[in-house]
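# Got a predicted model here, sequence first, then my questions.
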Amino acid sequence: MMQPLNSFDELSQGQELQFGSFTMTEPEILDFARRFDPQPFHVDPERAKGTIFGGLIASGLHTQAAAFGHILRTGLFEKVSLGGTEQVVRWPAPVRPGDEIAVSARVEELIPSRSKPDRGVAKIRYFGTRTSDGVVVLDILGTHFLKR
């Protein structure tokens, strides 16, 4: 658990955040993909060998959801979150079973609301980095509404 933010005003532009890491397991990859993204390279280890990925990879949607869940479970935003309006997502490299993903973030922009002074908009860029080789596998620019 991280110390929860009490206010949007506790953030500063350029601030860096570290959320620890999580591991993508093969059973989780297969379960998610069978339910939500049933492409051969996500659901069938044998068929995945014959794809451009050369083996099983996690769905990008799964990687995004796992990272978002991991961030929320740290507790940082539990007192201030009012939801969000968008995420711009890139998956620059595949995630494979057993990969450990470190999650970090940088506050890109802070916009106090003029019409609702009890809140603000925070644009935060999140990165998922494979710990074994330092390759970025997830890049999200998220827009959050936060209490002041």
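Arrived safely, thanks for sending. Numbering: from 1, shown residues only.

# From Arg106, how far off is Phe127?
8 Å (CB to CB, to the nearest Å). In this view, the C-beta of every residue, glycine as well, is placed from N, C-alpha and C.

# Which of the two has more residues huddled nearby?
Looking at Phe127 and Arg106 with other CB atoms under 10 Å, you find the greater number of neighbours at Phe127, namely 18 against 15.

# neighbours around the closest residue to that one other than its chain neighbours, how many?
Excluding its sequence neighbours, the residue lying closest to Phe127 (CB to CB, 6 or more residues apart in numbering) is Ser104, at 5.2 Å. A total of 16 residues lie near Ser104 under the criterion other CB under 10 Å.

# three-state assignment of the residue nearest the centre of the chain?
In the chain, the centroid-proximal residue (CA atoms, centre = their mean) is Ala67; its distance is 3.4 Å. Ala67 falls in the helix class when you classify it by DSSP: H, G, I helix; E, B strand; the rest coil.
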